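J.: Coordinates for the following, if possible.
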Amino acid sequence: MSSIGKPTNRFEDYRLLTGTGSYVADIKLPEMLHAFVVRSPHAHAQIRTIDVSQAQNLPGVVSVITAQDVAGALGEIRTIPPWEDPSIRLMHAPGQPVLANDRVHFVGQPVAVVVAESPELAQDAAEAVIVDYEPLAVIVDPFDALKDDADCLHPELGTNLAMHLVREGGDIEAAFRAADLVVNQRYEVQRLAPAPLEARGVVAYYEPIQDMLTVWDSTQEPHQVRDELAHQLVRTDAKVRVIAPDVGGGFGQKGAVFPEEILVPYLAIQLRRPVKWIEDRQENMLAFQARGHTVDVEAAAKSDGTILGMRIKIVADLGAFFMSATPIVPMLASQRIVGPYKTPTMGVEVL
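T.: Predicted structure coming up:
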């Protein structure tokens, strides 16, 4: 029976509208611990020292970990290889550590994690973690970052250019020669914060007898999270169960793997107790590096408004690291930028 042209009854509305939905923050398990993340206040800085001694000695604190504590156990979060596309001329994907080691690269980058018997105790102890930073040069304009003499955020890469993509179709030069007029415009698509109504959150529970890790995660990509956890924790997929309960919005933000989604399950295994982390609104704004694009458009057109072709250059500000799915956004932008308009020829460059 065809459903085309017929109303579809929604099955989830009553539960959500009456407040009986189940979100990560609603999950309560026996002997649950609570995590709080210590984050960098600097956009770029060297970490001289991290002193966790005061935090560790506070009542109710169970564990405080830094990058040194997970060295050799947790690696960098992998970037999902984009589908094969001949338009990609260059791809430098800087690996993202789950905790900053000797340097921080953005405001909000995780530096340490405190685990305590309550969220309040964890937050109080986080304030007792003393990090000695040496601020370094900061570049906030992507055009400045592309200059030959710019400081490299990741010196091992030798450049701030993480991705170069060129997509072409048709005879663009002929289109511009045949044009009655050429229109030029720059569009600034500002950096944004998705700001879902529900911030991110993770609960992890490890059952040692069955050697089963169960993770409740406010995510749009439970299978991606499972795969990365299995890789990081050296487990089979069958030994990692990721559950996405009701999710209070995502808008793409929850479509990647974040450090907390690795750290919380790791801590649950190490401590043999359930661990819960719920992001607050300030963290939600700081921890996610959304994209911002500067788009230069040159359109060749006839006097009747017919588009003959376009030359487009996009400079994409993607933040300090490639998250697991970061390359996908500029790639999709290069494919979809003409929208619904018939455009016989096209030249798109993305930096």
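
J.: What's the first helix or strand after the longest helix along the chain?
T.: With secondary structure taken from DSSP state H, the chain has its longest helix at helix 259-271. Where DSSP states H and E defines the elements, the next helix or strand beyond helix 259-271 is strand 275-278.

J.: what's the helix or strand that comes right after that next one packed up against?
T.: The first helix or strand that comes after strand 275-278 along the chain, using DSSP H and E, is helix 281-287. With contacts defined as 3 or more CB pairs under 8 Å, 6 or more residues apart in numbering; DSSP states H and E, the packing partners of helix 281-287 are strand 33-39. Any C-beta I mention is one placed from the backbone N, CA and C, and that applies to glycine too.

J.: In the strand it packs on, which residues are buried?
T.: Of the residues in strand 33-39, those scored as buried under the neighbour-count criterion (16 or more other CB atoms under 10 Å) are 33, 34, 35, 36, 37, 38, 39.

J.: and what of stretch 48-64?
T.: By neighbour count, and taking 16+ other CB under 10 Å as the criterion, the buried residues in stretch 48-64 are 50, 52, 55, 58, 61, 62, 63, 64.

J.: quick one, phi/psi of the fifth one?
T.: The phi and psi values for residue 61, taken as degrees, to the nearest 10, are phi -80, psi 130.

J.: my guess is it contacts residue 55, does it?
T.: Yes. The criterion here is CB atoms under 8 Å, and residue 61 meets it with residue 55 at 6.2 Å.

J.: the helices in the chain, which residues?
T.: Listed from the start of the chain, the chain has helices (DSSP H) covering 13-17, 53-56, 67-70, 119-126, 142-145, 172-177, 222-232, 259-271, 281-287, 328-336.

J.: The second one: how far from the chain's middle?
T.: So the one you mean is helix 53-56. Shown here is helix 53-56, whose average C-alpha point lies 30 Å from the average C-alpha point of the whole chain (CA atoms, centre = their mean, to the nearest Å).

J.: Kindly report the same for the fifth one.
T.: A distance of 21 Å separates the C-alpha centroid of helix 142-145 from that of its chain, computed with CA atoms, centre = their mean.

J.: What residues of that helix count as buried?
T.: For helix 142-145, by 16+ other CB under 10 Å, it's 142, 145.

J.: Give me the residues contacting that helix.
T.: Among residues not part of helix 142-145, those counted as contacts by CB atoms under 8 Å, 6 or more residues apart in numbering are 139, 150, 153, 160, 292, 294, 315, 316, 317.

J.: Next: the longest one.
T.: The contact list for helix 259-271 (CB under 8 Å, 6+ apart) reads 33, 35, 37, 62-63, 65, 70, 73-74, 77, 96-99, 110, 113, 115, 200, 202-206, 213, 215, 217, 219, 225, 228-229, 232-233, 274-277, 279, 287.
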